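Participant: Below is the sequence, then the predicted model.
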Amino acid sequence: MAGNRTLTIIKPDAVANGKTGAIIQKITDAGFRIVAMKYTRLTTEQAGKFYAVHRERPFYGDLVKFMTSGTVVPAILEKENAVEEFRKLIGATNPANAAEGTIRKLFAESVERNAIHGSDSDENALIEGNFFFSELERF
Ligand code: ATP
Ligand code: MG
């Protein structure tokens with residue numbers, strides 16, 4: 001059975017460009033409930049750990065630098081079939097390939113500076129939610 005939670009991060013490009021409010025509006029309009037949310041900054045160690053699956057990729061160093069370059073807004077979101085539904089809402093990794101109306105099509109600058117993260121599985125949604133939020137915050 002598909003899970004009902006996912007983890008998102010509004011990335012430093014979108015926060016710096018003043019798109020946080022518009023993105024949250026898109027998320028809630030699409031029927032996601034915000035379980036937990038905060039403004040925070042990632043250390044190099046945290047960003048490196050968060051994207052550790054990509055550590056062998058040529059873009060890893062730049063990705064970690066980008067993710068630590070400014071404020072981010074992580075959030076736990078709830079909806080039926082949340083992981084898949086949310087990835088549909090954000091669109092393809094590269095905004096050039098993202099469908100019309102998706103968050104990345106509307107707000108992303110490039111394949112790296114792509115405005116928003118969405119968990120890719122129920123298992124990672126749980127790991128990532130635990131990474132950012134305490135047990136009480138996740139309740
Ligand atoms: P995310 O995990 O952030 O939701 P995603 O699952 O769509 O994105 P991944 O393949 O997991 O895509 O890549 C993680 C992030 O690494 C991307 O969101 C993007 O910021 C960056 N990235 C991915 N591919 C490239 C690339 N070819 N060049 C530069 N940056 C990239
Ligand atoms: Mg990913």
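Facilitator: Received, thanks. Numbering: from 1, shown residues only. Ligands and ions are numbered 1, 2, ... in the order given.
Participant: Please, where are all the helices along the protein?
Facilitator: Counting by DSSP state H, the chain has these helices, from start to end: 12-16, 20-29, 44-50, 60-67, 82-90, 103-107, 122-132.
Participant: Compare those helices and give me the one nearest residue 36.
Facilitator: Nearest to residue 36, of all the helices of the chain, is helix 122-132, at 7.8 Å by CB to CB. In short, each C-beta sits where N, CA and C put it, glycine included.
Participant: Which residue, other than its chain neighbours, is closest to the residue most central in space within the chain?
Facilitator: What sits nearest the mean C-alpha location of the chain, by CA atoms, centre = their mean, is residue 117, with 2.3 Å. Closest residue to residue 117 apart from its sequence neighbours, by CB to CB, 6 or more residues apart in numbering: residue 9 at 4.1 Å.
Participant: Is that neighbour in contact with residue 114, as I believe?
Facilitator: No - assessed by CB atoms under 8 Å, residue 9 is found out of contact with residue 114, at 10.9 Å.
Participant: thinking again about what came up before, go through the helices of the chain and pick out the most buried.
Facilitator: Highest mean neighbour count among those (mean count of other CB atoms under 10 Å): helix 103-107, with a mean of 22.
Participant: So what's the gap between that helix and the chain middle?
Facilitator: 13 Å (CA atoms, centre = their mean, to the nearest Å).
Participant: what's it packed up against?
Facilitator: Applying 3 or more CB pairs under 8 Å, 6 or more residues apart in numbering; DSSP states H and E, one finds that helix 103-107 contacts helix 20-29, helix 82-90, strand 116-118.
Participant: Those: which one's closest to ligand 1?
Facilitator: Ranking those by proximity to ligand 1 (CB to the nearest ligand atom) places strand 116-118 first, at 3.6 Å.
Participant: Check whether the closest one comes near ligand 1.
Facilitator: Yes - for strand 116-118, a contact with ligand 1 is found by CB under 6 Å from any ligand atom, at 117-118.
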